[in-house]
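Engineer: The following block contains a protein sequence and its predicted model.
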Protein chains: 2
Amino acid sequence: MSQSQTPEQVLDTQENYAPSKRDEDVGEGPQCSHRMLNFSDALLSIIATVMILPVTHTEISPEQRFDKTIETLLATKIAVYLMTFLIVTAAWAAHTRLFQLIGNIDDTLALLNLVCMMTITLLPYTFSLMVTFPDVPLGIFLFCMCVIAIGAVQALIVVYAFHSPHLLSPQILQLQSAHRALCWQRILLVILRGPTLCFAAAVFSLFFFPVSYLLMAMIIFLPYISKAISWCRERLMGHEDPPALPTEFTFDLYELLSKERMEAFSDGVYAIVATLLILDICEDNVPDPQDVKVKFHGSLVAALGVYGPRFLAYFGSFATVGLLWSTHHSLFLHVRTATRTMGLLNTLSLAFVGGLPLAYQQTSTFAQQPHDELERVRISCAIIFFASMFQFAIWATALLRQAETLQPPVWFGGQEHAFLFAKLALYPCTSLLAFVATFFLSRLSTAIFHVMQIAMPPTFLLLSLLLRLLRRGLGQPVQLWSGTTGEANPQSQLLPAP
Amino acid sequence: MSQSQTPEQVLDTQENYAPSKRDEDVGEGPQCSHRMLNFSDALLSIIATVMILPVTHTEISPEQRFDKTIETLLATKIAVYLMTFLIVTAAWAAHTRLFQLIGNIDDTLALLNLVCMMTITLLPYTFSLMVTFPDVPLGIFLFCMCVIAIGAVQALIVVYAFHSPHLLSPQILQLQSAHRALCWQRILLVILRGPTLCFAAAVFSLFFFPVSYLLMAMIIFLPYISKAISWCRERLMGHEDPPALPTEFTFDLYELLSKERMEAFSDGVYAIVATLLILDICEDNVPDPQDVKVKFHGSLVAALGVYGPRFLAYFGSFATVGLLWSTHHSLFLHVRTATRTMGLLNTLSLAFVGGLPLAYQQTSTFAQQPHDELERVRISCAIIFFASMFQFAIWATALLRQAETLQPPVWFGGQEHAFLFAKLALYPCTSLLAFVATFFLSRLSTAIFHVMQIAMPPTFLLLSLLLRLLRRGLGQPVQLWSGTTGEANPQSQLLPAP
């Protein structure tokens, strides 16, 4: 038997085949129960995204024109959707921060986490109530109660973990006991400030519920407002109160996000959005057996032919979701660490990606209601524009502190810089063009929109082929998705303390 | 400023905070684009699971009794669901095997993968057609066409990868060119044997479609049948034809599954099942604004009170999904490598987990249709029993080759053995008891079922508390979820060649 591998090589490759085991053997790090966090990320991203369903299922009867009332109705629903999406991501962010402190997980903690997840799954139901009964405050009240319950369970997890020191991450265990108590207070503050605001919102919902919406919107921006205030104070008055915790530690806890969990959450949103598209097709585009018999004389093929344009819209929407995921992937491949501002922009981008089923639903009904296609194309273009624009903004923000946040190949003047720029700028530009086209070429707007969606994958392919040819001409290596092409500068790996 | 960390420690902990980056820096391993595989796993698991929706949405009017016709209808639908679920997992398995050979991913490959994913998302639609029009062969025909298209795209990925050697995994690159060609042929065979059978099924669907179902069922069991035949031949006739590839390599390629991807796929199924439960609630349990005005005199609280029993059923079902996930997690924490038989059992277990929304739907309608609760409780018990029994079977199979497949603490006589046994046996036993109870205590069966579902989380908690007390008594360390408690035996880490 001929064999071209030495025994050592065989062992080496066998080890390669069980990377997760290797990860877990590394042991006591903060990503210890990798799988529990992955499961939580998947659930949270799905829950945040299915909030769009009550919006897409807004029933507009064929007789109604797309007039001001419906526009207002849709706009309100979209605003409420964006708010609830962002509140779920705030709960996710609290979950991320909490589990940065916990190194090991036992059965009790796992059960508490499941209780937390179950409470979170109730949020879409309360959201449905809010949307179906906009004048009754019960929906808001129940929503707030759920957020309070989530906060209570998370606080319970903190208390339990700090009373069982073997569960804490080694980073916390290294701290002196006074620091540890401070750390405990801070994480409780992070976890409970959302629920506290929600408690106030729940109280107000009984009297005057517009205030409740205002309070709930505050939950999302509170961390950024408080950070901005403290930054301003620092600038104006100089360093007055020295931080009580070691600086590097606070920086880690408050500034950096776990890049891995951000990716997992984003992947969940993209995957479920792609699936929601097909769920809509499964529900609406299966003809009624009675109809097939009567209208189409039993010919199923003829009955399906009616839905042709919808499938065109489906292919276009799927291509958009897929390519937005692909640009997100390309971007994060070159991201070294993610700051909070990048996290906020990523969340906003995801909120609009979650709106893509609405865009699909708007464009797939062209065939039936051709008279208000202009408004529908505009809504769809706006959703795609914002989703891709916020992705671009992530990159722009990262470039401001490129030495800390990005890999060297995409820095200004790096070999990948121009290519990533082109990739990220493609969708904002084309969707903006399609939007503008609705004002000048109103007759062709639908055609332009569909051509834009379908033509995108070939464009991306052309772009990467062009790049490869250019590279060959310059004698540079071909770019792979492993992110190892650029020579990492060992000096710049170290994060400077702020 | 007091600081209890040395600069080295700070660096160390900062590195801990970016484990994904560390993973990617390891570089050229077969798990290179970790994120693309995760995204594919999430999409495939969601698509496999949403196949249950046309089954749960079987409309049974309140007047109909749960008689033979409906039983046959449901049984047929469940059988077709199981088949399509298993075919999607077969496509997933082919995807896993394919990407074991590919080390790096470029833009073209990523786009091809997206095309493959898009074709896969069309499967639930064809399945809806199959279920809605059981007498028209068009659904089967389209389903087969989709599977053929998926196979074609995967074959294209193989051809592209083998023509761009920089994309192959280093393991393949180490092989001699003759071996590499053989390897290429084998992977094409693995990928194309499903689509070939589907082609035959598509041809038969035009004449006599029951044969198509038979052929499609063969796709699932073909690998196991062919393996069993070759095993028998080996036993009967001795080693006749020496394997042309290095043995360790074939063993890796054909016997072992990537444990990480199995976990990712399973997590996706559990997460989406939990979400499907709440989607049903969002759709069915939001009262109609007109009804609230007329029937409940505008009181939303009174209108929601009607749905009380449904929420009880929801909590029970969520607890079941959560705890089954938790036992799956506990089991795989102690699994070192997964064999194909374990993979098949895991898939079967997941197929029944995917059936849990049906169980929820059956038990949540008790309030309206109390007369046929016996049948409904039996269906639900059977689904839970099979889901948990196949999990138990994974463990039993693993124990047969415990030195290779399991970590030492759960071997026969290991310190964790009894505890894991108890955890895994809990659900099969209780669901069997509840099933048997429907025959003797038919009046109480509903109550018993609900009590069983609700009482499970406290039971698990008690079990783990009991264990901890026992451990303290014996002076053993507390078991954590990091899987590092057991002293790994470095000798047994090496896999013996078969």
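Structural biologist: Ah, there it is. Numbers count the residues shown, from 1 in each chain, chains lettered A, B, ... in the order given.

Engineer: Which residues are in contact with A:F315?
Structural biologist: Contacts for A:F315 (C-beta atoms under 8 Å, 6 or more residues apart in numbering or on different chains) come out as A:453-454, B:118. (Each C-beta comes from the backbone N, C-alpha and C, glycine too.)

Engineer: Tabulate those residues (CSV), appending pLDDT and secondary structure.
Structural biologist: Conversion of the contacts of A:F315 to CSV gives the following (pLDDT from 0 to 100; DSSP: H, G, I helix; E, B strand; the rest coil):
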residue, pLDDT, secondary structure
A:Q453, 86, helix
A:I454, 85, helix
B:M118, 88, helix
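
Engineer: Just the buried residues from those, in ChimeraX please.
Structural biologist: Listed next is the ChimeraX selection for buried residues among these, using 16 or more other C-beta atoms under 10 Å in any protein chain shown:
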select /A:453 /B:118
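
Engineer: Okay, buried residues for whichever strand or helix holds A:T72 please.
Structural biologist: Taking DSSP states H and E as the criterion, the element that holds A:T72 is helix A:68-100. Counting neighbours by 16+ other C-beta under 10 Å, one finds that the buried residues in helix A:68-100 are A:74, A:77-78, A:80-100.

Engineer: Intersect the residues you listed with the contacts of chain B.
Structural biologist: Filtering the buried residues of helix A:68-100 for proximity to chain B (criterion: C-beta under 8 Å from any C-beta of the partner chain) leaves A:Q100.

Engineer: you'd agree A:F385 is up against A:L432?
Structural biologist: Yes: here A:F385 lies in contact with A:L432, judged by C-beta atoms under 8 Å, at a distance of 5.8 Å.

Engineer: Name the residue in the two with the higher neighbour count.
Structural biologist: Neighbours per residue, other C-beta atoms under 10 Å in any protein chain shown: of A:F385 and A:L432, the larger number sits with A:F385, 20 against 16.

Engineer: pLDDT score for that one?
Structural biologist: On the pLDDT scale, A:F385 is placed at 94.

Engineer: part of a helix, is it?
Structural biologist: Yes: assigned with DSSP: H, G, I helix; E, B strand; the rest coil, A:F385 falls within a helix.

Engineer: give the contact list for it.
Structural biologist: Contact analysis of A:F385 by C-beta under 8 Å, 6+ apart lists A:427-428, A:431-432, A:435.

Engineer: among these, which are in helices?
Structural biologist: Using DSSP state H, A:427-428, A:431-432, A:435 are the members of the contacts of A:F385 that sit in helices.

Engineer: In CSV, list the residues you listed along with pLDDT and distance to chain B.
Structural biologist: Compiled in CSV, the ones in helices among the contacts of A:F385 are given as follows (pLDDT from 0 to 100; distance: C-beta to the nearest C-beta, whole Å):
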residue, pLDDT, distance to chain B
A:Y427, 92, 15
A:P428, 93, 19
A:S431, 92, 19
A:L432, 92, 24
A:F435, 90, 25
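
Engineer: would CSV of those with distance to B:T341 be doable?
Structural biologist: Formatted as CSV, the ones in helices among the contacts of A:F385 follow (distance: C-beta to C-beta, whole Å):
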residue, distance to B:T341
A:Y427, 46
A:P428, 50
A:S431, 50
A:L432, 55
A:F435, 55
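
Engineer: and which of the residues you listed is nearest A:R472?
Structural biologist: A:Y427 (27.2 Å; C-beta to C-beta).

Engineer: Please name the nearest non-neighbouring residue to that closest one.
Structural biologist: Residue nearest to A:Y427 in three dimensions, not counting chain neighbours: A:S388, with 3.5 Å by C-beta to C-beta, 6 or more residues apart in numbering or on different chains.

Engineer: what's downstream of the helix or strand where the one you found lies, the next helix or strand?
Structural biologist: A:S388 is part of helix A:373-400, with elements assigned from DSSP H and E. Reading on from helix A:373-400 to the C-terminus, the next helix or strand found by DSSP H and E is helix A:402-405.

Engineer: Looking at that next one now, give me its mean pLDDT.
Structural biologist: For helix A:402-405, the per-residue pLDDT values average out at 82.

Engineer: ok, and for it, which residues are buried?
Structural biologist: For helix A:402-405, by 16+ other C-beta under 10 Å, it's A:402, A:404-405.

Engineer: Dump that helix to CSV, keeping only the CA atoms.
Structural biologist: Once non-C-alpha atoms are left out, helix A:402-405 reads as follows in CSV (Å, rounded to 0.1, in the frame of the first residue of the first chain):
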residue,chain,number,x,y,z
GLN,A,402,-8.0,51.5,11.6
ALA,A,403,-4.9,50.5,13.6
GLU,A,404,-7.0,49.0,16.3
THR,A,405,-10.1,47.8,14.5
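
Engineer: Walk me through the domains of chain A.
Structural biologist: Using automatic domain parsing, the domain parsing of chain A gives A:29-232, A:257-474.

Engineer: and those domains as a markdown table, adding distance to B:F143?
Structural biologist: Formatted as a markdown table, the domains of chain A follow (distance: least, C-beta to C-beta, whole Å):
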| stretch | distance to B:F143 |
| --- | --- |
| domain A:29-232 | 26 |
| domain A:257-474 | 13 |
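
Engineer: Quick check: which of the ones you listed is nearest to B:W231?
Structural biologist: Among these, the nearest to B:W231 by C-beta to C-beta is domain A:29-232 (32.8 Å).

Engineer: For the stretch 101-250 of chain A, what lies in contact range of chain B?
Structural biologist: Going by C-beta under 8 Å from any C-beta, the residues of the stretch 101-250 of chain A near chain B are A:103-108, A:110-111, A:114, A:117-118, A:121-122, A:124-125, A:128-129, A:132-133, A:136, A:138, A:166-167, A:170-171, A:174-176, A:179, A:242-243, A:246-249.

Engineer: Mark which of those residues are buried, thanks.
Structural biologist: A:103-108, A:110-111, A:114, A:117-118, A:121-122, A:124-125, A:128-129, A:132-133, A:136, A:138, A:167, A:170-171, A:174-175, A:179, A:246, A:248-249.

Engineer: Which ones among those lie within helices?
Structural biologist: Secondary structure assignment by DSSP H places A:107-108, A:110-111, A:114, A:117-118, A:121, A:124-125, A:128-129, A:132, A:138, A:170-171, A:179, A:248-249 of those in helices.

Engineer: Where does pLDDT dip in the stretch 151-300 of chain A?
Structural biologist: Counting by pLDDT under 70, the stretch 151-300 of chain A contains low-confidence residues at A:238-257.

Engineer: What are the boundaries of the helices in it?
Structural biologist: According to DSSP state H, counting those that start in this stretch, the stretch 151-300 of chain A carries its helices in the segments A:170-173, A:177-205, A:209-237, A:247-254, A:259-284, A:289-295, A:300-305.

Engineer: Highest mean neighbour count out of those helices?
Structural biologist: For the helices of the stretch 151-300 of chain A, average neighbour numbers computed from mean count of other C-beta atoms under 10 Å in any protein chain shown are highest in helix A:259-284, which has a mean of 23.

Engineer: between it and helix B:107-121, how big is the angle?
Structural biologist: Compare the direction of helix A:259-284 with that of helix B:107-121 by axes from the mean of the first three to the mean of the last three C-alpha atoms, to 10 degrees and you get 40 degrees.
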